[in-house]
Every structure is written in C-alpha cells, then in structure tokens.
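*Asks:* Provide a 3D model corresponding to the input given below.
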Amino acid sequence: MFTPTKKTIVLGDGREITLETGKLAKQADGAVELRFGNTMMLATVVSAKEAEEGADFMPLQVEYKEKFSAFGRFPGGFTKREGRASDYEILTARLVDRVLRPLFPSNYHANTIVQIIMFSSDGVDCPDALAGLAASAAIAVSDIPFEEPIAEVRVARIDGQFVIDPTFEQLEKADMELMVGATYDNIMMVEGEMDEVSEDDLIAALKAAHDAIKPMCVAQKELAAELGVVKREYCHEMDDEEIKERVRTECYPKCYAVAQAGSADKHWRNETFDKALEEFMETIPEEEREEKSPMIHRYFHDVQRDAVRRCILDEQVRLDGRKTNEIRPITCEPDYLPYPHGSAVFTRGETQALATVTLGTKLDEKLIDDVLKHENERFLLHYNFPSFSTGEARAPRGVSRREIGHGNLAHRALKRMLPDNFPYTVRVVSDILESNGSSSMATVCSGCMALLDAGVKLKKPVAGIAMGLITDEGNVKHAVLSDILGDEDHLGDMDFKVTGTVDGITATQMDIKCDGLPYEILEQALQQAKEGRLHILKLINEAIPEAREDYKPHVPRIVHMTVDKEFIGAIIGKGGEVIQGIQEETGATVTIDEIDGKGEIDISAANVENINAAVERIKAIIAVPEEGTVYTGKVRSILEFGAFVEFMPGKDGLLHISEISWDRLESMEASGIKEGDELTVKLIEIDKKTGKFRLSLRALQEKPEGYEERRQERRGPRREGGNGGGNRGPRREGGNGGGNRGPRGNGGNNRGPRHE
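*Replies:* Residues are numbered from 1 along each chain as shown. Reported below is the predicted structural model:
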C-alpha cells in the first residue's frame, strides 16, 4: 500500500500548486498529479531499461493531451473521441521537450516517453504553463537519470506589472507574454510574443519568470528526497580511451583548418570534414571498423565541435569567414509570382523562403475546436520544409512537429502588425526552398513582404534574425554570432531568434544549452540582434517601401458594415430568405455576426459593382421610413380595398383604393394595378401604435381644381356593411372588407368607433 506524498508551491499572489505522487499510475517509472485551482493533470514517464543497439542519441518523446471531458465537452467529428494531437497540443509538447532534452545525461540512450494528460479544467487557468513542471516532477520521483529538475511558467505584463501564470481573462490584456523554462540556476528556454517591447523589458520579464521557477525546482528536490529516490545505473556507450585520444590528435588539426578556412561553401566544408573522418577510419583494422564506428563518430563530433568553437573564440573566424556580427548577403524580391494575391522571395546566404499570401472572406476562417478554445482564426501562417531544401532524398510524410513550431513562431511575429478591423481572412504560406540557417526568420521576412505585396497595410514591417553564442568554461571568452549557420546552431551554446519592427520586439524564441549564462551576455545578444534586425528592415523597405495601393485585380473585394442589433433579423429574414436573396440577386457573399451588441457585416465579391448592389440592398433594409418621403416599390398583393406595396425591403404599406386617384374608383380592377407592378408612392402616415404604413399615389398627382374631399370615402364612420377596410378595424359580423391586421367582419375604416 503506497502512501501518497504531496508538496505545495505558493505563487506570489497566494495561489497554490499541489504535486502529489503515489496514488495514480503506480506502474509508470514516475507519475505526478498536479492540481492548480480546478485544473488537474497527470504526468508520467517510462524509460526502457536498456538502449537499443546502435543508439547514439537520446530517443525522447514528449506527448501532451487534453481530454474534452476535462471541460465537460464532447469531441467533434464522427467518432466523438479524441484523435490526433492538435497544433496547440503539439506546441505545448515541444515547449516541454525543449527544456527536458538537454538535461538527460549525454550518454543516456534508452527510449523515454513522457506523457502529460489534462483531466480537469474550468477554463480559467492556462494548463500549458503547468505541463513542464508536471513532467519534470514525474522524472524527479523516478529512477531515470536526470541532471536537475526544471519548471516552466508563463509571465505576462498586464498594466505594466508582471503576472506569473495569468488566467485566460488576464492574458487578453497583456502586451507581453512569454513561456520560460529553467532550472534553479539557468534559463533553458524562452518563447513568446509581445507588442513592440524593448530589450530591457524582455530581460526584466525573464528575471521575473526565473524568480518564480526557483521555488518549483526546490519543491521537486524535496519531494524526491522524501521518497528516497535513487537513480538507476546504466551503460549505453562503449568507450576506448586510446582511440578517443587518437581521434583528437589526428583529426583536430584537420577540423581546425576547415574552420579556419572560412569558406562559405557548405558542401565543401561537409565533404572536407567527412574526408578527415574517412581517413581516420582507414587506420582502424577492417574487422574492427563496424564495431567501433559509433564511438569513433561520437569522438569525431566532439573534436569537430571543439575545433570550430576554438577558432571562433580565439581568432574570431566563423565557419563561412564572416565577422561575428556580420549578416550574409540578402536579396528581397516582392511580387515574385504573377497570380497569387501576394508573394515574395527572401534569400539570405544559403537560406531561401518563398512566401505567398491569399486573402479570403469570413467563410475561409479556420475553426479552432480545442478543449478550452473554440473560436475562429482569421490569420493563418503555414510553414513547409521540404527535404530538397537541404539536399536530402527523403519522401514527404505530412506536416512535422518542427514545421508546426516554426510556423507558430512566424505567426506570432507578424500577427500584431496586421491592421485593426482588417476584413479579410489572411493565409501566409512559406515554402523553404533552401536552408542553412534560420528558415523561420526567413519566413518572417518573406511573409512581411508578401503581405505588403498583397496590399495589406501592416502597421509596421517586421523582420527576424537568429543569433548564436559560443562560450568556453566559466564564460571567460564568449562570442555572440549574428545570423547563425545551421552548423553554428548545432555546435553552439544558444539559438536565439528575435523578430520585431524598428520600434521593438514582437516575438522571440530561445534555447540555451550552456550553464550559468550571465544576463550581461544575453543583453549583448539582444542588442546585436536589434542591429541585425534594423539592417534587414532597411533592405525590406528598399525592396517594397509600402503596401500596394490597391489589391490585385483578382483579389475579392470586401466591404465591412456595422448595423444596430435590431436589424440583424430583418437582414437575414425568415429562414435566411432575405440574405440568400441578396446573394442570389447581386452575386456577392454576405456574412453577418452579432458582436458586442452590433451586427457586423462583411460583403465580398469579385467586383465592386456586385458589392455596391448588395450594400444598397442592405442600406435599404436598415433605412428608417419617414412620413412624407417618396419611395418606389413593388405591388405584392391586390385586395378589394387596395394593394399592399413593398416600398422598402421587408416593409409593406397599404395603398388604399381611395389613395390611388383623385377620381372615385369603384373597384381595384378599374385602377389597372396588378401584382408585380412598380409604383412610385408617398408615405403619408406611420401609425405610432402599430407601426403600419399608409401609402398614396394621388398625393403625387395634382389635385383637380374645385375638388371636394369626400370624407366618407377616406375616414368616415365605421358602420354596418360597407366596402372599406383599414388597419385595426373593429370586430363585427358580416361584411366583405378588411385590411392589414384588420378586423373580422364588415368594412370599417381605420380606428373608427365600434358598432354592431
């Protein structure tokens, strides 16, 4: 019988996070239940006892899942059960993975699966900010080797104050929002978006987040100590100290020479490194090569890494010969493709991104149907990384998690710069055609130009740059690298991506692989990134100084209208007949939503004429009838006492037989009016009680000389019999008259006295 063990963490505002182990999922290597308000998630970890043969890396898989039952909802779709991970779940899993992965021992290669499942949520607190803490706690209470616990928090700036793990409602008011992952001593991961904040503000947010993370790390250590956790022993790598020393002695000079050459040719560098390795392999007896190949490759990788890093630190020479703050040659080509709504090619060194923009209507919005998020997304950004971009012969197998993550970063970078109340749904697609360096930052730059080419009047252009860092032990020497290569990312200590405008940062993503990175170095990296960003923005501005004045001819036009809530029903009509009629008759697409007590209407069509026709129809519906105004309408029905005329869309008025002509008409047949006729009439009365309308044709005709009004024909007394009729007459027996909402019975003019 296990006795559950608990630890409580108190946040700065008094809210509590509880970690409990020993009750659920006891057959996992480690399992922790986390509770925060009404949010509850379970994190488990299982790691194989042995590594698979030939494994030379950490095969870690992190999965994050939210149950629809957690929020009392049914899943969508035919099967009504949870399916493949949503983009949100994938992004959350990536955030956890990026912090955990560097903290497993480098020589630990057993298959390890971390699963985090959210079982309860009231939709108040953001669960993704808790996933990293839950996963780390599960590892902490297991026997799986791990250097030290981590935690993740979200920090947001709201009304000038930093808030740790804000609620969804609070988050809507934030001008800065970051997810930060760290150990007690070091920040490991940062990702977030912001509204053009300064570098100093970003540093302040990181410090606030790290201060909140430290107690979470302490609580995990205390939990493991109470349980008496002992980490397992393992042996996943075979070592040969003699060969290790030989690799260093024989290969280091060759690797250093490649780094020192400073060649911009990626393929030459790779071939020369490979040749040095092949030459060493030939010195190994043939019968031993296969067995010793994995360890030799591992030793060579370490030697190559050290040679490249020392060359940068000691001689300030980068792999491609650039200075540390130098950016590769850049080419900006907007309006590259003839028919997409917007397009651009951005080439930086050996990295190239082709972006296209499509402008659509409200009907093109993406429905997000996550557990805690059910809404429409009007700005989409999709990132594709085909294998040919790096010269690999690999068949495409759907969208990877990496592609989702890189696209999300570019999406965050651009979305705050879209114009307010922009009527279009926008889709940006970035196809990476060549890659050696940050393709996500190339996506930001090409996406920005494509949006401008499409006529989207961005608040300000946005650019992005990827920074790198090389340090030695104790940070005695360090080099901050602008616009890093792929190899510099792989061999370096930091990958730091920053996007922004001329006035501030809009998004950032950072992964730190070294211990004890001082904030002073981080500040230098941010300042150097700003210089690089401004350089790229200057080039973008030269290529496309401002957004296209008008959209391209084949872009659908959209007009936005706002009407009072009371008109929504009239515009839609019974069963949608009015709005459908407008669309059929004008060829325009009309959508209407009630937002904040108003009717928000989008009217789209391929040409201005169709839009104008639909606008006029809607304006006519929402127009308020005025007494004394002349209208042209259509006869809807003929009765004995007159005709009903639709003088405005959805508004019928009574044209009484006595108001057709100054001459007395014995019947409606004598008037010559038929259903479907168009008549120009004058609105002579609006009944204030009923809202009914009286129309007149004769009011538009010249009154005959000497004409005497026949009172009994127009507003005479109501009496038994007669052939008149009008609105709201009395109920009585017999008769053949009657009007709109009129009485049951015989004759009677409007509002006359009641007789028997």
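
*Asks:* Hmm, L91 and G405 touching each other?
*Replies:* Yes - assessed by Cβ atoms under 8 Å, G405 is found in contact with L91 at 6.4 Å. All C-beta atoms are positioned from the backbone trio N, CA, C, and that covers glycine.

*Asks:* which residues in the stretch 351-500 of the chain form helices?
*Replies:* Along the stretch 351-500 of the chain, counting by DSSP state H, counting those that start in this stretch, helices occupy 401-415, 439-453, 486-491.

*Asks:* Only alpha carbons, please: show the shortest one as PDB.
*Replies:* Going back to what we said before, that points to helix 486-491. Output in PDB follows, covering the C-alpha atoms of helix 486-491 (Å, rounded to 0.1, in the frame of the first residue of the first chain):
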ATOM      1  CA  GLY A 486      23.000  25.500 -39.300                       C
ATOM      2  CA  ASP A 487      26.300  24.200 -38.100                       C
ATOM      3  CA  GLU A 488      26.800  27.100 -35.700                       C
ATOM      4  CA  ASP A 489      23.300  26.300 -34.300                       C
ATOM      5  CA  HIS A 490      24.200  22.600 -33.900                       C
ATOM      6  CA  LEU A 491      27.700  23.300 -32.400                       C
END
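
*Asks:* Report the buried residues of it.
*Replies:* Under the neighbour-count criterion of 16 or more other Cβ atoms under 10 Å, helix 486-491 has G486, D487, E488, D489, L491 buried.

*Asks:* Need the residues you listed in a markdown table (columns: pLDDT and distance to V317).
*Replies:* Output for those, formatted as a markdown table (pLDDT from 0 to 100; distance: Cβ to Cβ, whole Å):
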| residue | pLDDT | distance to V317 |
| --- | --- | --- |
| G486 | 87 | 18 |
| D487 | 86 | 14 |
| E488 | 88 | 12 |
| D489 | 86 | 18 |
| L491 | 86 | 14 |
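
*Asks:* Identify, from the residues you listed, the entry nearest to P4.
*Replies:* Nearest to P4 among the buried residues of helix 486-491, counting by Cβ to Cβ, is D489 at 43.3 Å.

*Asks:* what sits up against stretch 686-705?
*Replies:* 625, 627, 630, 633, 645, 647, 651-656, 659-662, 679-685, 727-728, 740-741, 750 (Cβ atoms under 8 Å, 6 or more residues apart in numbering).

*Asks:* and these, which of them are in strands?
*Replies:* 630, 633, 645, 647, 651-656, 679-685 (DSSP state E).

*Asks:* Show me which of the residues you listed are buried.
*Replies:* For these, buried by 16+ other Cβ under 10 Å: 633, 645, 647, 651-656, 679, 681-685.

*Asks:* before we move on, the earlier item: out of the helices of the stretch 351-500 of the chain, which gets the lowest mean score?
*Replies:* Mean pLDDT values for the helices of the stretch 351-500 of the chain show the minimum at helix 486-491, a mean of 86.

*Asks:* which residues touch that one?
*Replies:* Residues contacting helix 486-491 (Cβ under 8 Å, 6+ apart): 266, 269, 304-305, 308-309, 318-319, 435-438, 466, 468, 470, 481, 495.

*Asks:* Put the buried members of those residues into a PyMOL selection.
*Replies:* Filtering the contacts of helix 486-491 down to the buried ones (16+ other Cβ under 10 Å) takes a single PyMOL command:
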select buried, resi 266+269+304+308+309+318+319+435+436+437+438+466+468+470+481+495
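
*Asks:* Contact partners for S293?
*Replies:* M281.

*Asks:* I'd guess it is in a helix, am I close?
*Replies:* Yes - judged by DSSP: H, G, I helix; E, B strand; the rest coil, S293 forms part of a helix.

*Asks:* Okay, it and R305: tell me how far apart.
*Replies:* S293 is 19 Å from R305, where distance means Cβ to Cβ, to the nearest Å.

*Asks:* circling back to that earlier point, could you identify the least confident member of the buried ones among the ones in strands among the contacts of stretch 686-705?
*Replies:* Among these, K651 has the weakest pLDDT, 82.

*Asks:* What's the local residue count around the closest residue to that one other than its chain neighbours?
*Replies:* Leaving aside its chain neighbours, K651 sits nearest to P625 (6.2 Å; criterion: Cβ to Cβ, 6 or more residues apart in numbering). Number of residues near P625 (other Cβ atoms under 10 Å) recorded here: 14.

*Asks:* do the one 4 residues further on as well
*Replies:* T629: 14 surrounding residues under other Cβ under 10 Å.

*Asks:* Ok, F36 next?
*Replies:* 23.

*Asks:* Quickly list what it is bridged to.
*Replies:* Bridge pairing for F36 (DSSP bridges) gives the partners I17, T39.

*Asks:* quick one, what contacts it?
*Replies:* By Cβ under 8 Å, 6+ apart, the neighbours of F36 are R15, E16, I17, T18, D125, L130, D165.

*Asks:* one more time with 7 Å
*Replies:* I17, D125, L130 (Cβ atoms under 7 Å, 6 or more residues apart in numbering).

*Asks:* hang on, M41 in a strand?
*Replies:* Yes - M41 forms part of a strand when assessed by three-state DSSP.

*Asks:* What pLDDT does the model give it?
*Replies:* 98.

*Asks:* what separates the residue nearest to it when sequence neighbours are not counted from I611, distance-wise?
*Replies:* Taking Cβ to Cβ, 6+ apart, and ignoring the residues beside it in sequence, M41 has M118 as its nearest neighbour in space, at 4.5 Å. According to Cβ to Cβ, M118 and I611 sit 45 Å apart.

*Asks:* Give me the neighbour count for T5.
*Replies:* Look at T5: counted by other Cβ under 10 Å, it has 17 neighbours.

*Asks:* try N384
*Replies:* Around N384 there are 20 other residues, counting by other Cβ under 10 Å.

*Asks:* Check S400 too.
*Replies:* 14.

*Asks:* tell me the contacts of it?
*Replies:* No contacts exist for S400 under Cβ under 7 Å, 6+ apart.

*Asks:* The same query, at a cut-off of 10 Å, please.
*Replies:* I90, Y383, N384, F385, H406 (Cβ atoms under 10 Å, 6 or more residues apart in numbering).

*Asks:* Can you tell me which of these comes closest to E287?
*Replies:* For these, the nearest to E287 is F385 (40.8 Å; Cβ to Cβ).

*Asks:* State the distance from that closest one to Y88.
*Replies:* In terms of Cβ to Cβ, F385 sits 20 Å off from Y88.

*Asks:* Next: P102.
*Replies:* 24 Å.

*Asks:* hang on, the earlier thing: if you count surrounding residues, which of M118 and I611 has more?
*Replies:* Neighbours were counted for M118 and for I611 using other Cβ under 10 Å; M118 has more, 25 against 22.
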